[in-house]
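Enquirer: coords please:
(chains A, B and C)
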Amino acid sequence: MLVTKYLRPESLSDAYKVLTEEKKSLIIAGGAWIKLSIKKIDTLISIDNLNLNQIEITKDSLEIGSMVTLRELEINKEVNELYDGILARAIHKIMGINIRNIATIGGSIMGKFPFSDIIPALLVMDTKLIFYKQGEITLEEYLETPKMEKDILLKVIIKKEKGVGFFKKVAKTPLDFSIINIAISKCNNKFKVCLGSTPYLAKLAINTMEYLNKHSKISEEIINSAIKIMIQEIKFNKNVRSSKEYKEELAKVYLKRGLKKVIAHVG
Amino acid sequence: MKVVNNKAHSVDGLGILKGRAAYTDDLADKNSLIVKALRSPHAYARIKSIDDKLAKELPGVEMVLTYKDFPRIPFTRAGQGYPEPSPYDKFVLDEYVRYVGDEVVAVAAIDNETCEKALSLIKVEYEILEPVLDFENAVDNKIIIHPEPEIHDMFPIGFEPKRNIAASYKMHVGDVEKTISECDYVVNETFYTQAQAHVMMEPHTVNARMDYQERLVIYSATQTPFHMRRIISSALEIPITKIRFIKPRVGGGFGGKQAIHGEMLVAWVTWKTGKPAKMVFTRKEVFESSYSRHPMRMDVTLGADKSGKLKAIDFKCLSDTGAYGEHALTVFMVVGSKVLPLYNKVETVRFHGDIVYTNKTPAGAFRGYGAIQGNFALESAVDILCHKMGIDPIEFRQKNMMKENETSPIFAIMGEGTEGTAMDMETCKLEECVQRGMELIGWKDKYPRVESNNKIKSVGMAIAMQGSGIPYIDMGSATIKLNDQGFYNLLIGATDIGQGSDTILAQIAAEVLMTTIDKVIVYSSDTDLTPFDCGAYASSTTYVSGNAVFKAAMNMKNAIIKEAARVLETQEADVEFDGKILTSSNGKTVSLEDLSNQLFYSNEQKQLSVTSSYVGHKSPPPFMAGFVEIDIDKETGEVDIVDYVSVVDCGTTINPLLAEGQVNGAIVQGLGMAMFEDVKYSSNGKMISNSLINYKIPTRVDIKKLTTEFVDSYETSGPFGAKSVGEIGIDTPPAALANAVYNALGIRINALPITPEKILLSLKEKENK
Amino acid sequence: MLVNLIVNNQNKVFSCEPGDFLLDTLRENNYLSVRRGCDTTNCGVCTVLFDGKPVPSCSLLTVKAEGHHITTVEGIQKEAEKIGKYFGDEGADQCGYCNPSLALTVYAMKKELKNPTDEEIKEYLVGNLCRCTGYIAQERAIKKYLGDKS
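Expert: All right, here's what the predicted structure looks like:
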């Protein structure tokens, strides 16, 4: 990889200054994917030593520094308890432990990778991002903003709720990207459903959620209707990992199984 | 037996695990020029012009090589014995590029960065030609992939480049069409197998330097150092006396390192510049620009009578060799020769077809070549026939399969690239393998399926055979030297590529010489220092090289006894040797240690050294039965491999642990091919699966359990009763899995890989009917 | 630029480019047990320990390791000897190309996990591919090593 400069600013303000003032500059988080994403860059800006690698537990939330590694999250007790530990479980299925020891939560979000297993899990929880310049923004909003101005992600804040959750990744082998993935949560009697690797960037199934949330009791029939709505609203397509049709079949089956699981769990 | 059939540690395992410099690139000269290739972005094109001016001017660039720099000598990179049964259809560099990844230009520069920069400065103008990508439409296509006039075969192999045919073959015993017309039951099925990538962990790599005798010394991660020396010499017109090939430790080969990769370019750079040079393939190059397994279409017709006797097999095959014809014919013939004799009681059999060129990454040797494809087709077809007849597939096999002391006419008809060799099955424990396999998998309780909710448990099986070297062609040899203090050097041409041949050959020598393995120092595969061996392929090392070592060790033992008789003042017949002490009936004794010291320093001094060679006169097949137990999710098609049972007849296991490792490793490669491994191309011929991101091999989480056993068997023609074990394990998984999926769901997948997607979509199709 | 690393408990200063990866820097400086496998973090062959944790050196910029502890198998020879003997006992050696990196990962696992189940062992090591052995013999050996309290 061709990198002209590697800078280690001593403060966030310095880092932000370089980032915005130098055209071909980039924040490097864990760097796990950098080799595959870029071939040439003028300036890489390290935020390794800016105290962004802490997980703070407050009364209401988990405040995760953007430089916390996936492995640290995976083994964190609180993360493992939140919504049945769907985030930890999603992370656990990501490739090998060696990559999870360098990849960070910040890098995983900022990359907006369509194959992300983390984003679906985060989306079905109440997740906010804190940026250096722009301050707080919901994860959903961030993902939907096509081109945000250059900024530094500082923290990921997940609200602590007594929710239950389901996460499933379907892949050829544990080292492969998902053919599809799906996260479901139930919290305060409200469902959230997110499909990822469709092969597009993960997206909440808003209509499906609305439909489910209209009903106080979820019968088999309602699940079947919800599946139909989900297939209508989520766009699936073929990629190197499977056909469109197979992704749809998997989404249907695991939506059904996931809903049954979270319902049974609450009961 | 004390050393053979014992669980000796491998001779190199500990040092390698501790990180000792061992592999080719570890031994490269620190000042090596870096050699890289500019590769074709087009599936088929003619080079109109190459502008390399800027690259040549770049400081640090030593050489820029195009097709104009090399002698126009066609050769084959296959890495086989001479004359090769592969077409001479390759030039080091050519005016035409025939697949995405084919070499266009090579650059040698002082470092990586300079080399890459130089490559980026080269402008190539192509005349883009329409490629042939569909192998079923290759024959007599208007596009001809090899129009060049200089290419040729070495003896008739059915080479017809004007028709895009690299080789073709046909054989028959009796009138198969007539027999089939008389059969009570006939099935006719078409099967497809895909290209599979070797994915050895060490990428292809080679480095070279000139030594102080002005000779070219090449370190190469190769399976065939002696063939390499010969081919490099003739294609580059470098005197063979000036070339030394050394094979260091090799990080896996599986057939992928039988052929030539970067050796030509690196040898040329060092020979011309006098400077050390090296080339390490990127993983992308390993995928795109080396070799993969021949994809095939196989049309199989089986005919049986009411009593359950298989009467005829008609097997037509079309094989895709990609852009060049390395191993085109040999792989093809194995589809028949190492599969069809399994059912030796048929009255008639026919095997025929073509191996065709396409504009894709060339196909080459890969563990179990031909056999895994043919086995999938035949062993699937046998189950299909049984279900049609309502006969238990195991009973059918027990009735129709090869048994001990039987033979098949196919052995005499088909070899690898040539005629075969008639032989009887002196050892064939297939019946025991099947019986024991049924017990281990719990066949009676699980066949055909056990259903619970969405999960279905089922079992499936297949039988297989291989060979042990190629008779009258593959030769191995060994030199044993006696040193002072009574230890030995074992010098062998045989090529350890990780399979453990150094270890098992040392075990054979130690057993004969009644010593321990630490007293036999092995050194292998150095064309200056070790005697010839054809190399690591065709399941030949244990049997062929092992027999050579056995003979050499016997000769060494006799040489020691002869010297002892002199010292003990008696006849040779009167000397008893137990590995340490030589005793005469006259009461005199001498230890081997003393004797060897005397031979070096004090008494009629001489170096005891013997060399023996072996060439097989038959190729005794190992046999096995493979059984898979799967759990299948009928809503998603996802398959869990619960257990894979292998019961193997490979004769004596020289080292039971390493033999188990050979079988287990091959089973997992076979499962990968059966389940998901797939070399895929885009519609314009670019490989999509050109990284380990997009090409997946089984992980340890996918492999929950393997149950591997060996039946008692002793092949008298083999060293201490051994046959081969390197390839046999890979053959059964595709058919066993296909049969298990059928037993679970009643659907038949005839095209590999058997992915959850194919299973589910077939199931949906079946339900919608 | 110059980078300060602590390799196998020794302070080292290496010269490298900002875009260099740790794998290349280590090999250039004669840590030859660290080897290239796939280039894309998928195979585990290039694994080294970064402050005791397994990481893929093919994708970690050398500059990111500034001031950190890097361990290669050369730095855990005593443990490697033990692991290697169990590998020998179980026939887990074949080509061995991935074994130094596997040994490092196993060593890290022994420190990190207490009494792991078979499944936990497989999952911890899943990023260490092997094309030769079929994994089973490796895992027999690894379990014996984990049980070795010496």
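Enquirer: okay, CA-based contacts and neighbour counts for the rest of this
Expert: Noted.
Enquirer: just the strands in chain A please.
Expert: A:2-7, A:25-28, A:40-46, A:55-57, A:61-65, A:127-131, A:135-138, A:153-159, A:164-170, A:180-187, A:190-196, A:203-204 (DSSP state E).
Enquirer: most packed of those strands?
Expert: Mean neighbours per residue, mean count of other CA atoms under 10 Å in any protein chain shown, is largest over those for strand A:180-187, with a mean of 27.
Enquirer: elements contacting it?
Expert: helix A:118-123, strand A:164-170, strand A:190-196, helix A:244-266 (3 or more CA pairs under 8 Å, 6 or more residues apart in numbering or on different chains; DSSP states H and E).
Enquirer: Who is residue A:196 paired with across the strands?
Expert: Beta-bridge partners recorded for residue A:196 (DSSP bridges): residue A:181.
Enquirer: For it, give its distance to residue A:154.
Expert: Distance, residue A:196 to residue A:154, using CA to CA, to the nearest Å: 24 Å.
Enquirer: do residue B:598 as well
Expert: 79 Å.
Enquirer: got the contact list for the spatially closest residue to residue A:261 that is not a sequence neighbour?
Expert: Leaving aside its sequence neighbours, residue A:261 sits nearest to residue A:166 (CA to CA, 6 or more residues apart in numbering or on different chains; 7.2 Å). By CA atoms under 8 Å, 6 or more residues apart in numbering or on different chains, residue A:166 lies in contact with A:84, A:86, A:182, A:183, A:184, A:185, A:258, A:259, A:261, A:262.
Enquirer: who's sitting farthest from the centroid in chain B?
Expert: residue B:586 (53.4 Å; CA atoms, centre = their mean).
Enquirer: Mind pulling the model confidence for the closest residue to that residue other than its chain neighbours?
Expert: Leaving aside its chain neighbours, residue B:586 sits nearest to residue B:570 (8.0 Å; criterion: CA to CA, 6+ apart). At residue B:570, the model reports a pLDDT of 97.
Enquirer: For stretch A:82-97, give the distance from the opening residue to the closing one.
Expert: OK, stretch A:82-97 end separation, CA to CA: 22 Å.
Enquirer: Run through who's touching that stretch.
Expert: With CA under 8 Å, 6+ apart as the criterion, stretch A:82-97 contacts A:70-71, A:73-75, A:79-80, A:100, A:117-118, A:121-122, A:125, A:160-169, A:174-177, A:183, A:185, C:42, C:44, C:54-55, C:123-128.
Enquirer: For the nearest residue to residue B:228 once chain neighbours are set aside, give its distance to residue A:106.
Expert: Spatial nearest neighbour of residue B:228, excluding adjacent residues (CA to CA, 6+ apart): residue B:79 at 6.5 Å. Counting by CA to CA, the gap from residue B:79 to residue A:106 is 50 Å.
Enquirer: again, but for residue B:268
Expert: From residue B:268 to residue A:106 the distance is 49 Å (CA to CA).
Enquirer: higher neighbour count, the two?
Expert: It is residue A:106, of residue B:268 and residue A:106, that has more neighbours when counted by other CA atoms under 10 Å in any protein chain shown, with 25 against 19.
Enquirer: wait, what's in contact with the more buried one?
Expert: Residue A:106 neighbours (CA under 8 Å, 6+ apart): A:29, A:65, A:66, A:67, A:68, A:153, A:154, A:155, A:156.
Enquirer: now do 6 Å
Expert: A:66, A:67 (CA atoms under 6 Å, 6 or more residues apart in numbering or on different chains).
Enquirer: Equivalent analysis for residue B:401, please.
Expert: B:342, B:343.
Enquirer: thinking again about what came up before, for the residue nearest to residue B:586, grab the count of nearby residues.
Expert: If we define neighbours as other CA under 10 Å, then residue B:570 has 16 of them.
Enquirer: I'd assumed it was in a strand, is it?
Expert: No: counting by DSSP: H, G, I helix; E, B strand; the rest coil, residue B:570 is not part of a strand but coil.
Enquirer: ok, now how distant is it from residue C:16?
Expert: For residue B:570, the distance to residue C:16 (CA to CA) stands at 71 Å.
Enquirer: any idea how far residue B:117 is from chain C?
Expert: 15 Å (CA to the nearest CA, to the nearest Å).
Enquirer: Which strand or helix spans the nearest residue to residue B:124 once chain neighbours are set aside?
Expert: Leaving aside its chain neighbours, residue B:124 sits nearest to residue B:50 (4.5 Å; criterion: CA to CA, 6+ apart). Residue B:50 belongs to strand B:45-51 when assigned by DSSP states H and E.
Enquirer: mind listing what the residue of the stretch 351-500 of chain B found nearest chain A touches?
Expert: The minimum distance from the stretch 351-500 of chain B to chain A, using CA to the nearest CA, falls at residue B:454 (11.0 Å). Applying CA under 6 Å, 6+ apart, we find residue B:454 in contact with B:633, B:634.
Enquirer: now the contacts of stretch A:82-97: which count as buried?
Expert: Buried members of the contacts of stretch A:82-97, counted by 16 or more other CA atoms under 10 Å in any protein chain shown: A:70-71, A:73-74, A:79-80, A:100, A:117-118, A:121-122, A:125, A:160, A:163-169, A:174-177, A:183, A:185, C:42, C:44, C:54-55, C:123-128.
Enquirer: and the helix or strand bottoming out on mean pLDDT in chain A with chain C, contact?
Expert: The least trusted helix or strand in chain A, going by mean pLDDT, DSSP states H and E, turns out to be helix A:34-37, with a mean of 87. No: using CA under 6 Å from any CA of the partner chain, we find that helix A:34-37 stays clear of chain C, coming within 6.6 Å at best.
Enquirer: can you tell me if that helix touches chain B.
Expert: No: if you take CA under 6 Å from any CA as the test, helix A:34-37 misses chain B, and the best it gets is 10.5 Å.
Enquirer: Buried ones in that helix, by neighbour count?
Expert: Neighbour-count burial for helix A:34-37 [16+ other CA under 10 Å]: A:34, A:35.
Enquirer: returning to what we had before: nearest to chain C, of the contacts of residue A:166?
Expert: Nearest member of the contacts of residue A:166 to chain C, counting by CA to the nearest CA, is residue A:86, at 17.2 Å.
Enquirer: Around the closest one, count how many other residues there are.
Expert: Other residues close to residue A:86 by other CA under 10 Å number 28.
Enquirer: And for residue A:216?
Expert: So residue A:216, with other CA under 10 Å, has 9 neighbours.
Enquirer: wait, is residue B:388 part of a strand?
Expert: No: counting by three-state DSSP, residue B:388 is not found in a strand; it is helix.
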